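Peer 1: what would the 3D arrangement of this be:
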Amino acid sequence: MPDKKQSGRKDRQTQAQNQIFYPKHNIYCTICLRRVLTKNRQINFYGLSYKCLSREAFFVRPQIKPMEIRNIAIIAHVDHGKTTLTDALMRQTGVAEEGVSMDSNALELERGITIYSKNAAIFYPSASSGRSATKINIVDTPGHADFGSEVERVLRSIDSVLLVIDAQEGPMPQTRFVLKKSLELGLKPIVVINKIDKPAADPKRTEEQTLELFLELGASDQQADFPVVYTVGREGVAKLKLEDESKNLDPLLDTILKHVPPASGAALDVPLRLQPFNLAYDNFLGRLAVSRIYEGSVRVGQNVFVKKSEGPARPGKITRIFTFRGLKRVEAETAEAGDIVMVAGIPDIDIGETVASGADTPALPAIAVDEPTIVLNFLVNNSPFAGREGKFVTSRQLRERLRRELEVNVGLRVDFASSETFTVSGRGELHIAILLESMRREGYEAQVSQPQVIFHQEKDGRRSEPFEETIVDAPAQYQGAVIERLGKRGFIMKDIKMRGNSVRMIFEGPTRGILGYRGQFIIDTKGEGIISSRVVGFKPYAGEIKKRATGSMISMANGKTSGFSLWNLQDRGVLYVGPNTEVYEGMVIGNTAKGEEMTVNPTKGKQLTNVRASSSDEAITLTPPYELTIERGLEVMCEDEYLEITPKSVRLRKQHLTEIDRSRARKKA
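Peer 2: Below is the predicted model:
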């Protein structure tokens, strides 16, 4: 009598065999995802599990049409509404709740700008519409020029861009920068004219200026024939025509589906090739690579090879795969060509490298990262107040923190050659200021030197330095002060346009000329001006520039400041400290209007006697101090000063604290 177990096993094997090869079912292995099934793998068929029968057992892929994928990036100048628009898209497609934002970092929420590029995925249209849903991967990019290197990397990994432009301001410097990069890569942008509800908005003028910019940057006929969508990101409304009635962003989503080519369904049966365009870090998984899969498919546990454009390949293994739903990371077993995923398991993966299934697979073209433009030194805080507020104060802890930052901040360069001083290079003052602000909030103490531009030595022996294009929008009555200030800093006016009572001026000059000017610009324009700039490349050295006409007011004593002393000193310049503030010898407490250094005693109190005079009881009226922040400190500091940064305080100090040491240093120089 045959064994029931053996008989049942044979029946199940026959059933599975029929299901594998019978064309009606068209099932395949959900684990291996290969045309040849391997032994001891499982396949799923209507909830039942069967073992793959043999290595020679072929299968047919399902004939069900896979979900289409569109990959887009949202690019714009700072504060033109990219993130607000992305948040509205996520809410209306049901992948995010009210209050959830792409700008989730504390610094981003405080400053209202995007600092780090982030990924999200939405699904449109909804299941209730009766149409098949499409997955739209969205990459939100920073708008500030200091983080422009992230934008360039992202543009290499998507298929189209939404170019968001403020209907009132029109195209700005970063608009030109990101549009130029996207046009060079052959992308066809979708122009989104945002904030059409502003009182001074002029969508038609903005559209004309955008077309002029396209033609100026050498756009092809197809690229210049761009679709235009008018939006109010804050209210979540999009229109194809200004006179249309709309209650949601469906016109924008339909435009994306119409004009962005599908990324899915191609090159599935070829070897794997994916390329990271961004990095993240997890305390448990280590370095994570946000990558675009160009060809083939990837699965958890797959052995891969990591390749650069030149050099040997090194082996690796994929341990985790994450896809996106909204802002959430969703763990997956497999992912196919066209999708944007996050992979873990390769600790030394870097941006622009190619992850392939075979060692002989050709590498993808490398992604270039912009070179830094400024450099400064990070040092251990050795001031008299060192260690009072911070938890991490040693050079070893500072070194470890900077190494961790390099895991995700690819625009940063750090030289660890010295044990006490770390040379840090970045894309701009804001780039460095964000790093310092993050460190102080984590409990670190440090001090930094004055930022200096990075000079390049050309082949013919000449020095070159980074130049920036600067656009200034200000009331017409302030244009004289702005032109005078920037002229002294080596800037040349390229263009000027009147817009009613305001004027737009375009300048070009060396980066070191714009360093430290933004605070003065606010004063010159009474807070009514807007200044923005972008690096346009390296040009011949522009000569010496005298930027600062003020000197430093230096404390000669230790103790707490007194109102009486500050009352007498405030006529000499601008004070950085208020009364009852602890100071030490060598600390910079303000600047002097005459441009000379002045050593003062801010702790001196009023002499009390029995003799009364007419001025004895004169009221003390103090002007509010110019409180130092990291950005202000980097702007106003001199070459022989350090900016001391602790979790609760930002102070300026001389590198040599005593007057004797400063005199000796001047003699040696």
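Peer 1: which residues touch residue 147?
Peer 2: Residue 147 sits next to 114, 115, 116, 117, 411, 427, 431 when contact means Cβ atoms under 8 Å, 6 or more residues apart in numbering. No exception for glycine: its C-beta is placed from N, CA and C like everyone else's.
Peer 1: tell me the one of those residues nearest residue 337?
Peer 2: residue 117 (22.1 Å; Cβ to Cβ).
Peer 1: any figure for the gap between the closest one and residue 309?
Peer 2: Applying Cβ to Cβ, to the nearest Å, the value for residue 117 to residue 309 is 23 Å.
Peer 1: the more surrounded of the two?
Peer 2: Neighbours were counted for residue 117 and for residue 309 using other Cβ atoms under 10 Å; residue 117 has more, 20 against 12.
Peer 1: remind me which residues of the stretch 101-250 of the chain are low pLDDT?
Peer 2: By pLDDT under 70, the low-scoring segments of the stretch 101-250 of the chain are 145, 148-149.
Peer 1: in the stretch 301-450 of the chain, which spans are helices?
Peer 2: Applying DSSP state H, counting those that start in this stretch to the stretch 301-450 of the chain gives helices spanning 395-408, 429-441.
Peer 1: tell me which residues of the first one come out buried.
Peer 2: Buried residues in helix 395-408, defined by neighbour count with 16 or more other Cβ atoms under 10 Å: 395, 397, 398, 399, 401, 402, 405.
Peer 1: so who does the third one touch?
Peer 2: Contacts were defined as Cβ under 8 Å, 6+ apart; by that measure residue 398 touches 378, 380, 392, 422, 444, 446.
Peer 1: check the gap between it and residue 646 for me.
Peer 2: Per Cβ to Cβ, residue 398 is found 13 Å from residue 646.
Peer 1: likewise the last one?
Peer 2: As defined by Cβ to Cβ, residue 405 lies at a distance of 18 Å from residue 646.
Peer 1: longest strand in the chain, please.
Peer 2: strand 463-475 (DSSP state E).
Peer 1: quick check: buried residues in that one?
Peer 2: Judged by neighbour count (16+ other Cβ under 10 Å), strand 463-475 contains these buried residues: 464, 465, 466, 467, 468, 469, 470, 471, 472, 473, 474.
Peer 1: looking at these, spot the one nearest residue 532.
Peer 2: Comparing every one of these with residue 532 (Cβ to Cβ), the shortest separation belongs to residue 471, at 5.6 Å.
Peer 1: surely that closest one and residue 173 touch.
Peer 2: Yes - Residue 471 is within contact range of residue 173, at 5.2 Å (criterion: Cβ atoms under 8 Å).
Peer 1: now list whatever residues contact both of the two.
Peer 2: Common neighbours of residue 471 and residue 173 (Cβ under 8 Å, 6+ apart) are 532, 533.
Peer 1: direction included, what does the helix or strand where residue 507 lies pair against?
Peer 2: Mapping residue 507 onto the secondary structure by DSSP states H and E places it in strand 502-510. Here strand 502-510 has these sheet partners by DSSP bridges: strand 463-475 (antiparallel), strand 492-499 (antiparallel).
Peer 1: check which element follows that strand along the chain.
Peer 2: On the C-terminal side of strand 502-510, the closest following helix or strand by DSSP H and E is helix 511-514.
Peer 1: tell me the helix or strand right after that following helix.
Peer 2: The helix or strand immediately downstream of helix 511-514 is helix 518-524, counting by DSSP H and E.
Peer 1: going on from that following helix, what's the next piece of helix or strand?
Peer 2: That would be, after helix 518-524 and using DSSP H and E, strand 530-540.
Peer 1: got the buried residues for that following strand?
Peer 2: Quick answer for strand 530-540 (16+ other Cβ under 10 Å): 531, 532, 533, 534, 535, 536, 538.
Peer 1: for this protein, give me the ranges with low pLDDT.
Peer 2: In the chain (pLDDT under 70), the answer is 1-66, 145, 148-149, 264-267, 547-549, 610-618.
Peer 1: residue 218 reaches residue 179, doesn't it?
Peer 2: No - the criterion here is Cβ under 8 Å, and residue 218 misses it with residue 179 at 10.9 Å.
Peer 1: so those two - more neighbours on which side?
Peer 2: Legend: neighbour count by other Cβ under 10 Å for residue 218 and residue 179, higher for residue 179 (26 against 11).
Peer 1: just give me how far the helix or strand hosting that one sits from the chain centre.
Peer 2: Taking DSSP H and E as the definition, residue 179 sits inside helix 173-184. Put simply, helix 173-184 sits 16 Å off its chain's centre (Cα atoms, centre = their mean, to the nearest Å).
Peer 1: convert the C-alpha atoms of that helix to PDB, please.
Peer 2: Extracted as PDB, the C-alpha positions of helix 173-184 are listed here (Å, rounded to 0.1, in the frame of the first residue of the first chain):
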ATOM      1  CA  PRO A 173      20.200  82.700  -9.300                       C
ATOM      2  CA  GLN A 174      19.600  79.200  -8.100                       C
ATOM      3  CA  THR A 175      16.800  78.900 -10.700                       C
ATOM      4  CA  ARG A 176      19.300  79.500 -13.400                       C
ATOM      5  CA  PHE A 177      21.800  77.100 -11.800                       C
ATOM      6  CA  VAL A 178      19.500  74.200 -11.400                       C
ATOM      7  CA  LEU A 179      17.800  74.800 -14.800                       C
ATOM      8  CA  LYS A 180      21.200  74.900 -16.600                       C
ATOM      9  CA  LYS A 181      22.200  71.500 -15.000                       C
ATOM     10  CA  SER A 182      18.900  69.900 -16.000                       C
ATOM     11  CA  LEU A 183      19.000  71.100 -19.500                       C
ATOM     12  CA  GLU A 184      22.600  69.900 -19.900                       C
END
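Peer 1: how many other residues sit next to the closest residue to residue 84 other than its chain neighbours?
Peer 2: Leaving aside its chain neighbours, residue 84 sits nearest to residue 233 (4.1 Å; criterion: Cβ to Cβ, 6 or more residues apart in numbering). By other Cβ under 10 Å, the residues close to residue 233 number 25.
Peer 1: wait, residue 233 touches residue 195, no?
Peer 2: Yes - the criterion here is Cβ under 8 Å, and residue 233 meets it with residue 195 at 7.2 Å.
Peer 1: overlap in contacts of these two?
Peer 2: Residues touching both residue 233 and residue 195 (Cβ under 8 Å, 6+ apart) are residue 81.
Peer 1: helices of the stretch 501-650 of the chain, start to end?
Peer 2: For the stretch 501-650 of the chain, the helices defined by DSSP H, counting those that start in this stretch occupy 511-514, 518-524, 563-569, 630-636.
Peer 1: tell me which other helices or strands the shortest one touches.
Peer 2: Using 3 or more Cβ pairs under 8 Å, 6 or more residues apart in numbering; DSSP states H and E as the contact test, the elements touching helix 511-514 are strand 452-453, strand 463-475.
Peer 1: the last one too?
Peer 2: On a contact count with 3+ Cβ pairs under 8 Å, 6+ apart, helix 630-636 meets helix 429-441, helix 518-524, strand 641-645, strand 650-654.
Peer 1: make a markdown table out of these and add distance to residue 603.
Peer 2: Output for these, formatted as a markdown table (distance: least, Cβ to Cβ, whole Å):
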| stretch | distance to residue 603 |
| --- | --- |
| helix 429-441 | 26 |
| helix 518-524 | 28 |
| strand 641-645 | 19 |
| strand 650-654 | 16 |
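Peer 1: looking at the helices of the stretch 501-650 of the chain, which is buried most?
Peer 2: helix 511-514 (a mean of 23; mean count of other Cβ atoms under 10 Å).
Peer 1: so what's the gap between that one and the chain middle?
Peer 2: Taking Cα atoms, centre = their mean, the mean C-alpha location of helix 511-514 is offset from the chain mean by 21 Å.
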